[in-house]
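J.: Sequence first, then the predicted structure:
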Amino acid sequence: MIKIGILGSSGRVGTLLIDDLSTDTEAMVSAVYVSKKIEKTLPEHTVVTNDMKVLFDSSDVIIDFSAPAGTEALLTEVVENRGNKPLVIATTGLNKHQQNLLLEASKIVPILYATNMSLGVAVLNKLVALASKTLRDFDIEIVEQHHRHKVDAPSGTALTLAEHAANARDLNLDEVRISGRDGLIGARTKDEIAVMALRGGDIVGRHTVGLYNDGEFLELNHTATARNTFSKGAIKVAKWIIGKNPKLYTINDALGL
Ligand SMILES: NC(=O)C1=CN([C@@H]2O[C@H](COP(=O)(O)OP(=O)(O)OC[C@H]3O[C@@H](n4cnc5c(N)ncnc54)[C@H](OP(=O)(O)O)[C@@H]3O)[C@@H](O)[C@H]2O)C=CC1
Ligand SMILES: O=C(O)C1=N[C@H](C(=O)O)C[C@H](O)C1
């Protein structure tokens, strides 16, 4: 059995990881990192720890659905203390320092980082690149919708979609992205890519990439209707990454896309 350690085990996705693994025939939860407390009943012999070294020592692979500070601590364990296990990282909202740490750690251990663990969004990224390049004159606007508890905006997925759109047009996303419009702002500029965030209720995750022109528009939408789409996706890629060489992998590598 593959031993999976979880960072973010008490969270919305973390608890689903524990549920999914309870019926998995190839993998099991071996350890959970808990900074405060965990209410959930865990399988017998699960190691419960607030020590990163113990999490690494008790796992064949670690899945992270936590918060940027949690991911930073995980990556620091690799870079500074030579924690040596493959990582699957799903946490969004990483700052520049944390993104650099991700690159540094991926030279030491294999890491798969994906802002969205669903197959549908992996395909959507490809469709967005194709549409953005082919429909070069169309205006691109991205809208993401999530539940009221989400703390980062725009979503990691929306930023990844925007990156695919910008790269396909040889644009630098940092230069063309806008995140709001208010007041007498003037007409839309040709290359700008708007990424707008809506929050409310229990929306699991909805992303729409619109390409608008005179006389026609195309909207590409992905809607996650169940949160375990993400936990199941992460378990699938965790099984895949074991035995791989140190590198920063994408979900496309794991899915063969
Ligand atoms: N890539 C993908 O497919 C998806 C990514 N996500 C991302 O995953 C992350 C978690 O989402 P969600 O489950 O909804 O969030 P929750 O807020 O429900 O859970 C967050 C978890 O992280 C833990 N945590 C918070 N801070 C730290 C820290 N400094 N160190 C260690 N653990 C910490 C919390 O434990 P405690 O409160 O005890 O500290 C909790 O268990 C978010 O960044 C979200 O955007 C979510 C869905 C899909
Ligand atoms: O926080 C969430 O819930 C989600 N976060 C990810 C993101 O920021 O893109 C993925 C998914 O949309 C759900």
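T.: Yep, that arrived. Ligands and ions are numbered 1, 2, ... in the order given.
J.: In contact with the closest residue to residue 213 other than its chain neighbours, which residues are there?
T.: Counting by C-beta to C-beta, 6 or more residues apart in numbering, residue 138 is the residue found nearest to residue 213 once chain neighbours are left out, at 4.5 Å. For glycine as for every other residue, the C-beta is placed from the backbone atoms N, C-alpha and C. For residue 138, the contacting residues are 131, 132, 211, 212, 213, 217, 218, taking C-beta atoms under 8 Å, 6 or more residues apart in numbering as the criterion.
J.: ok, 7 Å please
T.: With contacts defined as C-beta atoms under 7 Å, 6 or more residues apart in numbering, residue 138 is in contact with 211, 212, 213.
J.: got it, and residue 177?
T.: Residues counted as contacts of residue 177 (C-beta under 7 Å, 6+ apart) are 162, 193, 195.
J.: filter those residues down to the ones near ligand 2?
T.: Restricting the contacts of residue 177 to those touching ligand 2 (C-beta under 6 Å from any ligand atom) yields no residues.
J.: on that earlier part again, give me phi/psi at the residue nearest to residue 213?
T.: In this entry, residue 138 is assigned phi and psi values of phi -80, psi 140 (degrees, to the nearest 10).
J.: before we move on, what about residue 157?
T.: Listed backbone geometry of residue 157 is phi -60, psi -40, with angles given as degrees, to the nearest 10.
J.: swap in residue 178?
T.: According to degrees, to the nearest 10, the main-chain angles of residue 178 amount to phi -130, psi 150.
J.: Was I right to think it contacts residue 189?
T.: No: distance between residue 178 and residue 189: 9.0 Å, which falls outside the contact criterion (C-beta atoms under 7 Å).
J.: if you count what's nearby, which of these two comes out ahead?
T.: With other C-beta atoms under 10 Å as the criterion, residue 178 and residue 189 differ in neighbour count, and residue 178 comes out ahead with 14 against 9.
J.: Quick check: closest non-adjacent residue to residue 231.
T.: Distances taken as C-beta to C-beta, 6+ apart place residue 16 nearest to residue 231, at 4.0 Å, with adjacent residues excluded.
J.: what's that neighbour in contact with, if anything?
T.: Counting by C-beta under 7 Å, 6+ apart, residue 16 touches 227, 228, 231.
J.: State the next helix or strand along the chain beyond the helix or strand harbouring the last one.
T.: Residue 231 is located in helix 228-241, with elements delineated by DSSP states H and E. Once helix 228-241 ends, the next helix or strand along the chain (criterion: DSSP H and E) is strand 247-249.
J.: Contacts for that following strand next, please.
T.: Contacting residues not belonging to strand 247-249 are listed as 102, 103, 106, 110, 111, 112, 113, 241 [C-beta under 7 Å, 6+ apart].
J.: And stretch 119-130, by the same measure?
T.: For stretch 119-130, the surrounding residues in contact (C-beta under 7 Å, 6+ apart) are 157, 160-161, 164-165, 168, 209, 220, 222, 233, 251-252, 255, 257.
J.: So of these, which two are at opposite extremes in space?
T.: When C-beta to C-beta is used, the two most widely separated members of these are 168 and 233, lying 24.0 Å apart.
J.: So those two - more neighbours on which side?
T.: When residue 168 is set against residue 233 and neighbours are counted by other C-beta under 10 Å, the residue ahead is residue 233, at 23 against 18.
J.: what's the nearest residue to that one if we skip its chain neighbours?
T.: Here the residue nearest residue 233, using C-beta to C-beta, 6+ apart, is residue 117, at 3.2 Å.
J.: Now do the SS call for residue 98.
T.: helix (DSSP: H, G, I helix; E, B strand; the rest coil).
J.: got the residues of the stretch 1-150 of the chain near ligand 1?
T.: Where proximity means C-beta under 6 Å from any ligand atom, the interface of the stretch 1-150 of the chain facing ligand 1 comprises 7-14, 33, 35-36, 65-67, 69-70, 73, 90-93, 114-117.
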